[in-house]
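**Student:** dropping the sequence and predicted coords here.
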Amino acid sequence: MQVFLAAPRGFCAGVVRAVDIVEIALERHGAPVYVKHEIVHNPHVVADLEAQGAVTVETVDQIPEGAIVVFSAHGSPPSDFEAAAKRSLRVIDATCPLVTRVHNEAKKFQREGKKLILVGHRGHQEVKGTTGQGEMFLMDDQEDPQPPGWDPDTEVAVLTQTTLSVDDTASMVDRINSAFRNVTVRNDICYATTNRQSAVKELAELVEVVLVVGSQTSSNCRRLREVAERSGVPAFLINGPGELDRTWFEDVTRVGVSSGASTPESLVQAVCDALEPDVVNHLGLASEDIEFTLPPDMRDATPPRRSSSWAT
Ligand code: SF4
């Protein structure tokens, strides 16, 4: 069997930054450091940080007064910051800068008097954070939605969740453009999502089965599996080697492997090892050299952090 490893894959700059923030907070302040919502959507990363003293909670009111809390990479609504202030919490915000940019766009477009449509998945943490920035109509492509019934001359601005399918989002934007004459569209799908989906499309042309390593709770991992499947090959999303099913590989000689933006590279390597391939081919379809700066009061922390070594 030959294994083909997609590139880029695995940790994005926003995930590296978020994990670094929790580790630096633990080093500086000691345990416990509370984390509101899974810091990134991967159970291995969460468990590793919890073993170091992080405590993951879902709501601010689960955190003792005066404690330190890191808000996850997906972003949080202003109401969470207000609730934290009421409990005298010290908040360290690990929101990915690309998500913060969407929040800022939402506020800017509202100041300009535009009505907002957000293309995103109902209930996802990032969507909770973005819809908290002001009034907006949510279009979830998983629900086959129609645009809102506003006057066709309404000035409309369209924002998107950062981890959506590039193709599905284009179809939602087409529907919106058909319904309104004055539409401003921001493509907020991030570089990491776009690059990983492009890499999986090319990978799928070379192999008979695609494995995406990552969590079912990760939006970008689920989109990668869908992209591979729509390219015409069976595709499976697995947390790690323990979820491999040998029946997927009967008469298969070429297997593709990729991983989402929150998946440690160690899990990809473990899956690759478990396949016991004769040859491993490293595809080099795009390179990424993006880094995000840490919050100002952490910039003196000593790099490299351990999370950097988890990335490809
Ligand atoms: S997937 Fe994109 S938006 Fe999400 S943390 Fe990574 S870089 Fe940021």
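**Tutor:** Perfect, thanks for sending it. Residues are numbered from 1 along each chain as shown.

**Student:** count of residues packed around residue 246?
**Tutor:** Other residues lying near residue 246 total 7 when counted by other Cβ atoms under 10 Å. Quick note: C-beta positions are derived from backbone N, CA and C, even for glycine.

**Student:** for the closest residue to residue 41 other than its chain neighbours, what are phi and psi?
**Tutor:** Using Cβ to Cβ, 6 or more residues apart in numbering and skipping the chain neighbours, the partner closest in space to residue 41 is residue 218 (3.9 Å). Note on residue 218: its backbone torsions stand at phi -90, psi 120 [degrees, to the nearest 10].

**Student:** what are the buried residues along the longest helix seen in the chain?
**Tutor:** The single longest helix within the chain, with elements called by DSSP state H, is helix 13-29. Residues of helix 13-29 classed as buried: 13-26 (neighbour count, 16 or more other Cβ atoms under 10 Å).

**Student:** can you name the residues of the stretch 51-200 of the chain sitting close to the ligand?
**Tutor:** The stretch 51-200 of the chain comes close to the ligand at residues 73, 96, 98-99, 162-163, 190, 192-193, as judged by Cβ under 6 Å from any ligand atom.

**Student:** give me that answer again for 8 Å
**Tutor:** Contact residues (Cβ under 8 Å from any ligand atom) of the stretch 51-200 of the chain with the ligand: 73-74, 96-99, 126, 162-163, 190-193.

**Student:** any low-confidence regions in this structure?
**Tutor:** By pLDDT under 70, the weakly predicted segments of the chain are 285-286, 303-312.

**Student:** enumerate every residue touching the closest residue to the ligand within it.
**Tutor:** Closest residue of the chain to the ligand, Cβ to the nearest ligand atom: residue 14 (2.5 Å). Contact analysis of residue 14 by Cβ atoms under 8 Å, 6 or more residues apart in numbering lists 73, 96-99, 190, 192, 261, 292.

**Student:** now the longest helix of the chain, how far from the centre of its chain.
**Tutor:** When C-alpha coordinates are averaged (Cα atoms, centre = their mean, to the nearest Å), helix 13-29 and its chain have centres 16 Å apart.

**Student:** rebuild the buried residues of helix 13-29 as TSV, extending it with distance to residue 105.
**Tutor:** As requested, these are arranged in TSV below (distance: Cβ to Cβ, whole Å):
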residue	distance to residue 105
13	19
14	17
15	22
16	24
17	20
18	21
19	26
20	26
21	23
22	27
23	30
24	29
25	28
26	33
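
**Student:** of these, which is the nearest to residue 118?
**Tutor:** Checking these against residue 118 by Cβ to Cβ gives residue 14 as the nearest, at 18.8 Å.

**Student:** that closest one and residue 99, how far apart?
**Tutor:** 7 Å (Cβ to Cβ, to the nearest Å).

**Student:** mind listing the shared neighbours of these two?
**Tutor:** The contact sets of residue 14 and residue 99 overlap at residue 73 (Cβ under 8 Å, 6+ apart).

**Student:** which parts of the chain are strands?
**Tutor:** 2-5, 33-36, 54-57, 68-71, 90-93, 115-119, 137-139, 155-160, 182-185, 209-213, 235-238, 254-259, 279-282 (DSSP state E).

**Student:** so which of those gets nearest residue 301?
**Tutor:** The nearest among the strands of the chain, by Cβ to Cβ, is strand 90-93 at 12.2 Å.

**Student:** who touches the closest one?
**Tutor:** For strand 90-93, contacts defined as Cβ under 8 Å, 6+ apart pick out 21, 25, 66-71, 76, 81, 84, 295, 298.

**Student:** stretch 182-192 now?
**Tutor:** 8, 12-14, 96, 98, 101-102, 105, 109, 114, 153-164, 166, 169, 173, 176-177, 220, 261, 288, 290.

**Student:** in ChimeraX, how would I select the buried members of these?
**Tutor:** Only the buried entries of these go into this ChimeraX selection, using 16+ other Cβ under 10 Å:
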select :8,12,13,14,96,98,101,102,105,109,114,156,157,158,159,160,161,162,163,164,166,169,173,176,220,261,288
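
**Student:** how about stretch 202-222: buried residues?
**Tutor:** Buried residues in stretch 202-222 (16+ other Cβ under 10 Å): 202-204, 207-215, 217-222.
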